[in-house]
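Asks: Fold the following and give me the result.
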Amino acid sequence: MASIDLLSTRFSFYDKMYSQDLREQSFADWPFRGECNCTPETMANAGFVHCPSENEPDVACCFFCLIELEGWEPDDDPWSEHIKRSPHCGFLTMKKDFTELTVAEFFGMEKERLKVYLRKVCHKKMAYFRDEIDQTLESLKSQLDSI
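Replies: Numbering: from 1, shown residues only. Predicted coordinates:
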């Protein structure tokens, strides 16, 4: 359930990531710079935040739809990769710059972001419980077979 804790931490931290500058600052240790398509600026423009792991230094997560992408290549276009994998992301479909949103529009966006988060947490918990059930069934089968 550690992945759910990580998801909760990200969700509560990512509310500040509507800011392009804050998203871009998260890419301080990003491996792609210079003449690449996936520079910190282009990654942040596409809604991504850098969230590396010990084994994957190039993991980026959308602050809004929480999709994680890794295995970036220098020629990858962050915007098109994001659209390909999460075409209904609320950030991608936002018609205005964040600074131009009304309070009502912002809270509408936050409501959508919360729905995405809750859906993701529920799916992770259901997968966890399915695994627990499968393990319990296997254990019971083994015990019955040994009788």
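Asks: Counting by contacts, list what the top helix by length along the chain packs against.
Replies: Criterion DSSP state H: the longest helix present in the chain is helix 103-145. Contact partners of helix 103-145 among helices and strands, from 3 or more C-beta pairs under 8 Å, 6 or more residues apart in numbering; DSSP states H and E: helix 2-14. Yep, even glycine has a C-beta here, placed from its N, CA and C like the rest.
Asks: avg pLDDT for the longest helix of the chain?
Replies: Here helix 103-145 scores 90 as its mean pLDDT.
Asks: Kindly report the same for stretch 32-44.
Replies: 92.
Asks: before we move on, what about stretch 83-91?
Replies: 94.
Asks: That stretch: which residues count as buried?
Replies: Across stretch 83-91, burial judged by 16 or more other C-beta atoms under 10 Å covers 86, 89, 90, 91.
Asks: mind listing what the first one touches?
Replies: When the contact criterion is C-beta atoms under 8 Å, 6 or more residues apart in numbering, the partners of residue 86 are 62, 65, 67, 92.
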